[in-house]
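[1] build the 3D model from these lines:
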Amino acid sequence: DQLPPAPEGKAWKLAWNDEFDGDKLDESKWDVPDNKRRDGWWSPKAAAVDGEGHLVMSTLKEGNRYLDACVRTRGKFEHAHGYYVARIKLQQQPGHWSAFWLYNHSVGKVGNDGRDGTEIDIMEKPWLDDRVQHALHWDGYGQAHKSKGKVSTVPGVMDGFHTFSLWWKADKYVFYVDGKETWRTAAGGVCQVPLYIKLSDEIGKWGGDIAKAKLPDEFVVDYVRVYDLVDAE
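    Okay, the predicted model is just below:
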């Protein structure tokens, strides 16, 4: 990983990771929901480890419904601050979008801006071109909802694997693609409470018309890693 330089006197230390080795998803690290989500259904059938060190997140049609998936570390790894990175090969068909994000129910709290809970979208990919979205959402999803986002252009991002990462500091967020900074912001006042990791696919209008997709489609995750800053030895 192309980690940013650590501040003087500090060093990066791996705090949590999944390399997706073996032939099944590690249930001590991930929770896999099974429920309706937007125009599809999040199903454990659509999330699998391929035996070659990858998590494969599929989008497919089963009968008259579309399946895709979410895996999350809810209740298993919830963490504040640090450097979060995932190496991902993106989907190739329209009608659905992949995302790597951080979330907790605290996002619904209203009144202290995003400090008491922020949805942090490290990467959202609704377009089959060079654009990548980063976004923040806080104060719930109702009338008090606030958000800030940035669309970055990353030539060649649709080809092969790329890393999407976030340095969540106490006073700002710094987003990266392939180790290069794409957005720096303190919108919402910066979350100070633990969040859990989500990798998800969603079917809906933002991603285009799923009826036009040649399915199954997939996005592939090589690893997810979280680093903390510790005192240098």
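
[2] report pLDDT for the nearest residue in space to A232 that is not next to it in sequence.
    Spatially, and ignoring its direct neighbours in sequence, A232 is nearest to A11 (4.3 Å; CB to CB, 6 or more residues apart in numbering). The way it works is simple: take the backbone N, C-alpha and C, and place the C-beta from them, glycine included. Predicted confidence (pLDDT) at A11: the value is 97.

[3] same question, F175
    98.

[4] repeat that for D1.
    Residue-level pLDDT assigned to D1 equals 73.

[5] can you check E233 too?
    In this prediction E233 is given a pLDDT of 83.

[6] likewise for R131?
    pLDDT, R131: 98.

[7] if I pick the residue nearest the centre of the chain, what's in contact with it?
    Geometric centre of the chain, nearest residue: F100, 1.0 Å, by CA atoms, centre = their mean. Neighbouring residues of F100 by CB atoms under 8 Å, 6 or more residues apart in numbering: 86, 88, 121-123, 164, 197-199, 224.

[8] same check on D18?
    26, 29-30, 55, 223-224.

[9] hmm, Y227 is touching A15, no?
    Yes - the pair Y227 / A15 is scored as a contact, 6.1 Å apart, by CB atoms under 8 Å.

[10] compare these two and say which is more crowded by neighbours.
    Y227 (22 against 16; other CB atoms under 10 Å).

[11] beta partners of that one?
    L14, Y83 (DSSP bridges).

[12] next up, the contacts around K24.
    48-49.

[13] how much space is there between it and P44?
    11 Å (CB to CB, to the nearest Å).

[14] go on, F20?
    For F20 relative to P44 (CB to CB), the value is 15 Å.

[15] so for the two, which sits in the more crowded spot?
    Between F20 and P44, counting by other CB under 10 Å, F20 is the more crowded of the two (24 against 14).

[16] so where does the more buried one fall, helix or strand?
    For F20, there is no host helix or strand (DSSP states H and E).

[17] could you report the pLDDT at the nearest residue to V226 once chain neighbours are set aside?
    Closest residue in space to V226, ignoring its immediate chain neighbours: W16 at 4.4 Å, by CB to CB, 6+ apart. Note for W16: predicted pLDDT of 98.

[18] my guess is L215 contacts K61, does it?
    Yes - the criterion here is CB under 8 Å, and L215 meets it with K61 at 5.4 Å.

[19] and the buried ones among the contacts of F100, selectable in ChimeraX?
    Burial among the contacts of F100 is assessed by 16 or more other CB atoms under 10 Å; the matching ChimeraX selection reads:
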select :86,88,121,122,123,164,197,198,199,224
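
[20] what's the local residue count around the residue nearest to A232?
    Using other CB under 10 Å, the number of residues around A11 comes to 14.

[21] quick check, it in contact with Y227.
    No - A11 is not in contact with Y227 according to CB under 8 Å; the separation is 9.5 Å.

[22] you'd agree K198 is up against S98?
    No - counting by CB under 8 Å, K198 stays clear of S98, with 11.0 Å between them.

[23] measure G53 to R87 for me?
    10 Å.

[24] how far off centre is stretch 215-226?
    Put simply, stretch 215-226 sits 10 Å off its chain's centre (CA atoms, centre = their mean, to the nearest Å).

[25] again with stretch 129-138
    On CA atoms, centre = their mean, the centre of stretch 129-138 falls 10 Å from the chain's centre.

[26] how about stretch 139-156?
    Offset of stretch 139-156 from its chain centre (CA atoms, centre = their mean): 13 Å.

[27] please consider this matter closed, and thank you.
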